[in-house]
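In: Below are the sequence and a predicted model for it; my questions follow.
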Amino acid sequence: MKKKLLAVTMAAVLALGFSTMAMAEEAPDCSGDPEVTLVYAEVNPLETTVVGQVAMHFAERVNELTSGTVTIDIQGGGVLGAEGDYCDDMIGGIGTIDMARLSVSTLTGYGVPKSALLCLPFTFTSRDHFWNFAASDLAQEFMDEPEENGLGLRGLFLGEEGFRHIFCNKEVSSLDDLQGLKIRVSTDPTMVGMINAFGAEATVIAYGELYQSLQSGVVDGAENPVGNYKANSFYEVAPYLLLDGHQLGVIELVITDMAWDKLTENQQECIKIAAKECQQYNKELSEKIEEDTLAELGDQITVVEVDKQEWIDKCADVIAEATADYADLYQAIEDLQ
């Protein structure tokens with residue numbers, strides 16, 4: 001089954017590659033520049049997830065555009081730890097990690113309060129809504145926030161890894177069934193507030209421990225995009241999937257100032273071009289992988305459609321509290337639907 005999904009996914013990659021390559025900008029000549037290797041951290045598997053494939057495409061394009069002078073060394077599958085570990089390394093100036101694909105919700109715990117607006121429940125009503133935002137001038141304000149707030153991180157592009165849904169190791173079909181269940185969350189306070197508002201018990205568990213925690217019953221469920229749900233085999237121990245779409249998994253690719261300063265101006269420009277291409281690549285790939293993954297899982301899981309308005313209503317207080325200091329900015333995002 002894994003081989004079949006990989007074949008479908010890679011076919012999608014090849015098909016999408018043509019439109020991405022077609023939009024390529026002319027890159028400056030880096031052939032005489034010093035050779036640099038940058039370590040890129042990714043918590044998810046590479047071949048079978050949206051973010052993993054975006055990472056591989058980015059590495060390939062950077063190497064091509066810089067005439068081989070910049071190599072992106074992707075460390076996938078969480079071998080360098082969790083996303084919080086990536087932030088600690090990069091912001092702390094340790095230098096083990098030069099760049100990382102982060103969930104924006106992870107970044108919000110490190111002093112980027114405006115970016116938290118992108119992680120609120122039901123901020124984005126559709127993929128089109130998000131990509132309207134990502135293509136707008138408003139997006140740059142969020143991209144610049146880590147650098148402006150002194151984190152020493154530069155945002156290269158915003159993207160998405162699909163809508164996040166709740167899955168459980170016991171049969172669930174509605175909000176009523178979630179009452180009292182332990183649902184794994186990250187340390188993001190808004191996510192904690194949302195799960196508790198649903199009537200479940202938000203439980204912080206390291207991502208690398210999630211499969212075992214679901215299998216042993218330490219937690220009753222978790223939430224993830226469909227692609228990651230499949231790639232990490234969570235469906236094996238939690239086959240009940242509620243398509244609540246409570247959050248679009250907004251991602252950001254960041255690079256440290258220390259790594260950026262290792263590059264020549266021409267290499268920096270090539271990195272920017274590759275990032276722009278990968279944002280478009282991400283847009284084209286994400287929805288297709290979600291559809292293909294659900295079809296591939298088939299009768300191995302139980303999928304339940306939900307009445308989203310009921311779930312939105314439960315989060316009203318969480319959303320109001322989280323947007324109080326940035327009401328106008330939040331409204332500007334909402335106006336891009």
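Out: Arrived safely.
In: who touches Val50 in this structure?
Out: 161-162, 225, 227, 282, 285-286, 289 (Cβ atoms under 8 Å, 6 or more residues apart in numbering). Just so you know, the C-beta spots here come from the backbone N, C-alpha and C atoms, and that holds for glycine as well.
In: Could you identify the buried members of the residues you listed?
Out: Buried by 16 or more other Cβ atoms under 10 Å: 161-162, 225, 227, 282, 285-286, 289, out of these.
In: Switch these over to a markdown table; also include pLDDT.
Out: A markdown table is the format used below for the buried ones among the contacts of Val50 (pLDDT from 0 to 100):
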| residue | pLDDT |
| --- | --- |
| Glu161 | 90 |
| Gly162 | 89 |
| Pro225 | 88 |
| Gly227 | 86 |
| Asn282 | 95 |
| Leu285 | 91 |
| Ser286 | 88 |
| Ile289 | 84 |
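In: Turn those residues into JSON lines, columns for secondary structure.
Out: JSON lines is the format used below for the buried ones among the contacts of Val50 (DSSP: H, G, I helix; E, B strand; the rest coil):
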{"residue": "Glu161", "secondary structure": "strand"}
{"residue": "Gly162", "secondary structure": "strand"}
{"residue": "Pro225", "secondary structure": "strand"}
{"residue": "Gly227", "secondary structure": "helix"}
{"residue": "Asn282", "secondary structure": "helix"}
{"residue": "Leu285", "secondary structure": "helix"}
{"residue": "Ser286", "secondary structure": "helix"}
{"residue": "Ile289", "secondary structure": "helix"}
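In: Closest to Ser233 out of these?
Out: Checking those against Ser233 with Cβ to Cβ, the nearest one is Gly227 at 12.3 Å.
In: Was I right to think that closest one contacts Thr49?
Out: Yes. With contact defined as Cβ atoms under 8 Å, Gly227 reaches Thr49; the gap is 5.0 Å.
In: what touches both of the two?
Out: Here Gly227 and Thr49 share the contacting residues 161, 289, scored by Cβ under 8 Å, 6+ apart.
In: Quick check: beta-bridge partners of Ala100?
Out: With DSSP bridges applied, Ala100 shows beta-bridge pairing to Ala41, Val254.
In: Val254 is in contact with that one, correct?
Out: Yes. Here Ala100 lies in contact with Val254, judged by Cβ under 8 Å, at a distance of 6.2 Å.
In: Find residues that contact each of these two.
Out: Counting by Cβ under 8 Å, 6+ apart, the contacts common to Ala100 and Val254 are Met90.
In: How about the contacts made by Leu156?
Out: Leu156 makes contact with 99, 143, 252-255, 271-272, 275, according to Cβ under 8 Å, 6+ apart.
In: try 6 Å
Out: Shown in contact with Leu156 (Cβ atoms under 6 Å, 6 or more residues apart in numbering): 253, 275.
In: Dihedrals phi and psi, it?
Out: Here is the backbone geometry of Leu156 (degrees, to the nearest 10): phi -100, psi -40.
In: Helix, strand, or coil at Val51?
Out: Once three-state DSSP is applied, Val51 turns out helix.
In: what's the burial count for it?
Out: Residues within reach of Val51, counting by other Cβ atoms under 10 Å, total 30.
In: residues contacting it?
Out: If you count contacts by Cβ under 6 Å, 6+ apart, Val51 has them with 44, 101, 161.
In: just those now: which is nearest Ser173?
Out: Using Cβ to Cβ, the shortest approach to Ser173 within the contacts of Val51 belongs to Glu161, at 25.4 Å.
In: Please name the nearest non-neighbouring residue to that closest one.
Out: Spatial nearest neighbour of Glu161, excluding adjacent residues (Cβ to Cβ, 6 or more residues apart in numbering): Gly249 at 4.1 Å.
In: Quick check: what element follows the host helix or strand of that neighbour along the chain?
Out: Using DSSP states H and E, Gly249 sits in strand 240-256. Per DSSP H and E, the first helix or strand lying C-terminal to strand 240-256 is helix 257-260.
In: got the contact list for that following helix?
Out: 38, 98, 152, 154.
In: Pull the most distant pair out of those residues.
Out: Most distant of these, by Cβ to Cβ, are Leu38 and Gly152, 15.0 Å apart.
In: so where's the protein uncertain?
Out: 1-24 (pLDDT under 70).
In: Glu25: which of the buried ones among the contacts of Val50 is nearest?
Out: For those, the minimum distance to Glu25 (Cβ to Cβ) is 17.1 Å, reached by Asn282.
In: Would you check how far apart that closest one and Ala259 are?
Out: Distance, Asn282 to Ala259, using Cβ to Cβ, to the nearest Å: 21 Å.
In: ok, now which ones touch the residue nearest in space to the middle of the chain?
Out: In the chain, the C-alpha nearest the mean C-alpha coordinate belongs to Ile251, at 3.7 Å (Cα atoms, centre = their mean). Each residue near Ile251 by Cβ under 6 Å, 6+ apart is listed here: 101, 103, 159, 161.
In: Kindly report the same for Thr190.
Out: Residues in contact with Thr190 (Cβ under 6 Å, 6+ apart) are Ala322.
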